[in-house]
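Colleague: I'd like to go over a predicted model; first the sequence, then the structure.
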Amino acid sequence: MDPATAADGRPFDAVAIDAIVRRLARRGEPAWLHVEVARRMAERLELIKHQPERVLDWWSALGGGAEVLARACPHAQRIAVEPPAVAALQRGAARSWWRRLSRAGRLETVEEQSEITGPVDLVWANMMLPAVEDPPALFARWHALLAVDGFVMFSALGPGTLRELRPVYAALDWGPPGADFVDMHDYGDMLLHAGFADPVMDQETIILRWHGPEALLAELRSLGGNASPQRAAGLRTPRWRARLVEALEGLRGEDGRLGLGFEVAYGHAFKGRPRARADAPTTVPLDEMRALLRRRGSGMPPRAEA
């Protein structure tokens, strides 16, 4: 596979993604937007009648959903599945923010690349899919880990995110301001292909506003970074930053503040009971076939069986 192309066809810089994840892990707290989206996603748990007993919180530390999951599933065993960079920091830290979060109910941590035993009732993944190189393979792994009637619930940034920055960067000939995000309908197709039943997708746009460019840039840095292979090459200089700050002033709205939109896609789907394939042969014991033929030959209807 071309290293600049993800499995789903997106332009994707895996080295940049790894650096961003490491930086966010060192930051010391999840992004505000991630925590807010986790809160909104937890409201959707109220629609699920089955109370999960075993939960996988995928990329728990960066997702910021540990506390809302603990409140929504107070009796569940929760397992935080972390990428290698986060797991390494956790092992080396005596006191850390994820240790504080782990006190919100039962929580154990495993590394994403380790073998995870199922079955689980819920896979929860908040705002981590844009950093995944092969979402279809991950959906297939989640499906294998889930128990029958278990479900996956996730959120992710959609293609409408940072739409306001694109003309700004294009005018300055800087390439795209970020990597492409997956459309929610494509996520739905991936869920079906992985074997999930009844996928439900919806989306909303959250507008964040700031009083000035410096606050805006600080917020964006807390959310991640530009992982597009087509981004402008070279190190960023003070002169480059000054040009960006000047350009961002053009985003002020009628209230005098700067605003950016973040399209957030939400999805959930169930693991249904296995079904026989339509082209799979049906096996009937020879004695039953003979008895059926004798009944039909005598004009008697086939015997009904419970």
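Modeller: Arrived safely. Numbering: from 1, shown residues only.
Colleague: which residues of the stretch 151-300 of the chain fall in helices?
Modeller: Counting by DSSP state H, counting those that start in this stretch, the stretch 151-300 of the chain has these helices, from start to end: 165-171, 184-193, 213-223, 238-248, 286-298.
Colleague: so of those helices, which one's packed in deepest?
Modeller: Mean neighbour count (mean count of other C-beta atoms under 10 Å) peaks for helix 184-193 among the helices of the stretch 151-300 of the chain, with a mean of 18. (Glycine included, C-beta is placed from N, CA and C.)
Colleague: wait, which of the helices of the stretch 151-300 of the chain is closest to residue 31?
Modeller: Nearest to residue 31 among the helices of the stretch 151-300 of the chain is helix 213-223; the distance by C-beta to C-beta comes to 4.7 Å.
Colleague: Please list the outside residues in contact with the closest one.
Modeller: Outside helix 213-223, the residues within contact range by C-beta atoms under 8 Å, 6 or more residues apart in numbering are 24, 27, 31-34, 208, 210, 244-245, 248-249, 258, 260.
Colleague: If we use 6 Å, what do you get?
Modeller: Outside of helix 213-223, the residues within contact range by C-beta atoms under 6 Å, 6 or more residues apart in numbering are 31, 210, 245, 248, 258.
Colleague: what about the strands in the stretch 1-150 of the chain?
Modeller: Listed in chain order, the strands of the stretch 1-150 of the chain (DSSP state E, counting those that start in this stretch) span 54-58, 77-82, 107-111, 120-126, 146-157.
Colleague: TSV please, covering the ones you listed and showing mean pLDDT and distance to residue 182.
Modeller: Putting these into TSV (pLDDT from 0 to 100; distance: least, C-beta to C-beta, whole Å) gives the following:
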stretch	mean pLDDT	distance to residue 182
strand 54-58	96	16
strand 77-82	95	20
strand 107-111	87	25
strand 120-126	98	13
strand 146-157	96	7
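Colleague: Of these, which stretch is the most buried?
Modeller: strand 120-126 (a mean of 26).
Colleague: quick check: angle from that one to strand 146-157?
Modeller: Angle between the axes of strand 120-126 and strand 146-157 is 10 degrees (criterion: axes from the mean of the first three to the mean of the last three C-alpha atoms, to 10 degrees).
Colleague: Parallel or antiparallel, list what pairs with strand 120-126.
Modeller: Here strand 120-126 has these sheet partners by DSSP bridges: strand 54-58 (parallel), strand 146-157 (parallel).
Colleague: quick one: residue 219 and residue 21, what's the gap?
Modeller: Counting by C-beta to C-beta, to the nearest Å, the separation of residue 219 from residue 21 is 18 Å.
Colleague: Excluding residues flanking it in the chain, which one is nearest residue 261?
Modeller: residue 205 (4.9 Å; C-beta to C-beta, 6 or more residues apart in numbering).
Colleague: who does that neighbour bridge with?
Modeller: residue 263.
Colleague: wait, doesn't it sit right on residue 263?
Modeller: Yes. The criterion here is C-beta atoms under 6 Å, and residue 205 meets it with residue 263 at 5.1 Å.
Colleague: Looking at these two, which is more packed in?
Modeller: Under the criterion of other C-beta atoms under 10 Å, the comparison of residue 205 against residue 263 puts residue 263 first, with 19 against 12.
Colleague: Show the contacting residues for that one.
Modeller: Residue 263 sits next to 158, 160-161, 203, 205 when contact means C-beta under 6 Å, 6+ apart.
Colleague: what about 8 Å?
Modeller: 157-161, 181, 203-205.
Colleague: As a check, name the ranges of all helices in the stretch 1-150 of the chain.
Modeller: 14-27, 32-44, 60-63, 66-72, 84-92, 97-102, 135-145.
Colleague: With adjacent residues omitted, what lies nearest to residue 133?
Modeller: With C-beta to C-beta, 6+ apart, the residue lying closest to residue 133 is residue 6, at 5.0 Å.
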